[in-house]
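[1] pasting the structure only:
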């Protein structure tokens with residue numbers, strides 16, 4: 001009787017299997033940067049959309065009140081509510097200075113419930129405006145809820161925002177965190193002398209950014225008619241992302257860096273998130289504030305800074321969102337910072 005021959009199907013050899021694995025790994029290596037780029041593009045678009053909402057909120061505030069909030073609003077003793085008394089009025093500026101520009105825009109950014117928890121006629125460090133364990137704190141812990149609109153999705157997670165150590169002067173319990181919700185966006189006050197010098201201006205602080213002022217007791221609002229350079233040519237808010245962690249040229253600074261690893265001004269309600277932009281060299285993290293004429297994405301202490309490749313998102317006074325390249329010329333940047341400099345610059 002004839003037998004049926006057994007057919008042996010050839011399989012993969014070890015070499016063939018390794019070749020297939022190598023091809024797959026190569027394809028993944030080629031595809032991964034494209035996927036990461038697409039993700040960052042989506043994050044940057046989301047970041048720009050958030051800034052656009054901030055710009056719309058600014059426009060809506062102006063429509064309602066015929067002015068926009070300056071970066072700082074400090075109360076005089078004569079106008080300050082006396083009942084209940086504020087023991088911190090004269091101890092620190094926060095005792096008599098209310099929430100900064102972003103905090104004042106909350107009702108126009110669909111955050112009216114959160115805004116209602118703050119008494120905008122009182123300082124941030126007034127016990128009426130902060131919850132326990134702040135000494136004599138009377139506010140609800142809900143007042144410290146994060147505002148997702150103020151956070152750029154490109155910013156790394158886990159960034160600190162602890163004001164506890166700064167408030168020990170007000171008898172806040174030592175070694176107790178006071179986590180105030182962060183912002184990656186801020187107005188500017190003007191130019192630091194190091195940057196003013198790069199543009200041919202006197203080596204002095206300027207204070208004429210869109211929301212800039214030097215008299216935050218008597219002159220703490222800005223009217224659109226004061227922005228004589230034009231709303232479309234004047235910066236309103238920029239990314240100053242990543243604080244309290246300090247970042248230099250894309251890298252977090254450590255405790256051994258000059259100035260340390262952190263900078264305080266990270267809370268959206270802290271008027272001091274608004275800074276004077278510096279001229280920076282970007283040469284070495286051993287001297288991160290070394291003077292030069294670079295502006296964008298060098299150091300996030302005072303300057304526009306983001307985690308997008310090539311630049312930062314900003315919103316102009318007319319609500320238009322645009323992108324400032326890291327290589328922007330210092331003179332062009334200074335021109336779009338000032339609201340009344342008279343420069344003939346169309347913008348970025």
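    Thanks, I have the structure now. What you see is a predicted model; the values in this text were computed from it and never measured.
[2] Please, where are all the strands along the stretch 51-200 of the chain?
    68-69, 185-186, 188-191 (DSSP state E, counting those that start in this stretch).
[3] Summarise which helices and strands the longest helix along the chain is packed against.
    For the chain, the helix that runs over the most residues, judged by DSSP state H, is helix 14-65. Contacts defined by 3 or more Cβ pairs under 8 Å, 6 or more residues apart in numbering; DSSP states H and E place helix 14-65 against strand 68-69, helix 101-105, strand 185-186, strand 235-239, strand 311-316, strand 321-325. Glycine gets a C-beta too; all of them are placed from N, C-alpha and C.
[4] ok, now how distant is residue 27 from residue 20?
    Noted for residue 27: a distance of 11 Å to residue 20, by Cβ to Cβ, to the nearest Å.
[5] right, I mislabeled it, should have said residue 233
    For residue 233, the distance to residue 20 (Cβ to Cβ) stands at 58 Å.
[6] quick one, which of those two is more surrounded?
    Using other Cβ atoms under 10 Å, the more surrounded residue of residue 233 and residue 20 is residue 233, with 22 against 11.
[7] Would you mind measuring from the more buried one to residue 305?
    The spacing between residue 233 and residue 305, counted by Cβ to Cβ, is 22 Å.
[8] what's the answer for residue 265, then?
    Residue 265 is 13 Å from residue 305, by Cβ to Cβ.
[9] Between those two, which is the more surrounded one?
    Higher neighbour count among residue 265 and residue 305: residue 305, with 27 against 20, using other Cβ under 10 Å.
[10] for that one, phi and psi?
    The phi/psi pair for residue 305 (degrees, to the nearest 10) reads phi -150, psi 140.
[11] Check residue 252 too.
    Dihedral angles for residue 252 - degrees, to the nearest 10 - are phi -70, psi 140.
[12] what's the overlap in contacts for residue 265 and residue 305?
    The contact sets of residue 265 and residue 305 do not overlap (Cβ atoms under 8 Å, 6 or more residues apart in numbering).
[13] can you count the residues close to residue 87?
    Neighbours around residue 87, by other Cβ under 10 Å: 15.
[14] That one reaches residue 125, doesn't it?
    No: the criterion here is Cβ atoms under 8 Å, and residue 87 misses it with residue 125 at 9.7 Å.
[15] doesn't residue 63 make contact with residue 108?
    No: using Cβ under 8 Å, residue 108 is not in contact with residue 63; the gap is 9.2 Å.
[16] Those two: which is more packed in?
    residue 108 (21 against 10).
[17] contacting residues around the closest residue in space to residue 240 that isn't next to it in sequence?
    Distance criterion Cβ to Cβ, 6 or more residues apart in numbering; nearest residue to residue 240, sequence neighbours excluded, is residue 186 at 4.5 Å. Under the criterion of Cβ under 8 Å, 6+ apart, the neighbours of residue 186 are 102, 237-238, 240, 273-275.
[18] On the strand side of things, show who residue 186 bridges to.
    residue 238 (DSSP bridges).
[19] That one and residue 209, how far apart?
    Taken as Cβ to Cβ, the span from residue 186 to residue 209 is 11 Å.
[20] do residue 81 as well
    Distance, residue 81 to residue 209, using Cβ to Cβ: 30 Å.
[21] pLDDT at residue 36, what is it?
    On pLDDT, residue 36 comes in at 59.
[22] try residue 12
    Reported pLDDT for residue 12: 61.
[23] returning to that earlier point: compare residue 81 and residue 209 and say which one has the larger neighbour count.
    Using other Cβ under 10 Å as the criterion, residue 81 and residue 209 rank with residue 209 on top: 27 against 13.
[24] I'd like to know how many residues surround the closest residue to that one other than its chain neighbours.
    With Cβ to Cβ, 6+ apart as the criterion, residue 209 has its nearest non-adjacent residue at 4.3 Å, and that residue is residue 188. Applying other Cβ under 10 Å, we find 26 residues neighbouring residue 188.
[25] And for residue 60?
    Residue 60, neighbours per other Cβ under 10 Å, totals 15.
[26] List the residues that contact it.
    Applying Cβ under 8 Å, 6+ apart, we find residue 60 in contact with residue 108.
[27] Let me see the ranges of the helices in the stretch 201-348 of the chain.
    Remark: helices assigned in the stretch 201-348 of the chain by DSSP state H, counting those that start in this stretch are 330-337.
[28] what residue ranges in it are flagged as low confidence?
    Within the stretch 201-348 of the chain, the set of residues satisfying pLDDT under 70 comprises 344, 346-348.
[29] got it, and the stretch 51-200 of the chain?
    Checking the stretch 51-200 of the chain against pLDDT under 70 turns up nothing.
[30] Next one: residue 167 from residue 146, what distance?
    Residue 167 is 19 Å from residue 146, by Cβ to Cβ.
[31] Look at the two and report which has more neighbours.
    The residue with more neighbours, out of residue 167 and residue 146, is residue 167; 20 against 15, by other Cβ under 10 Å.
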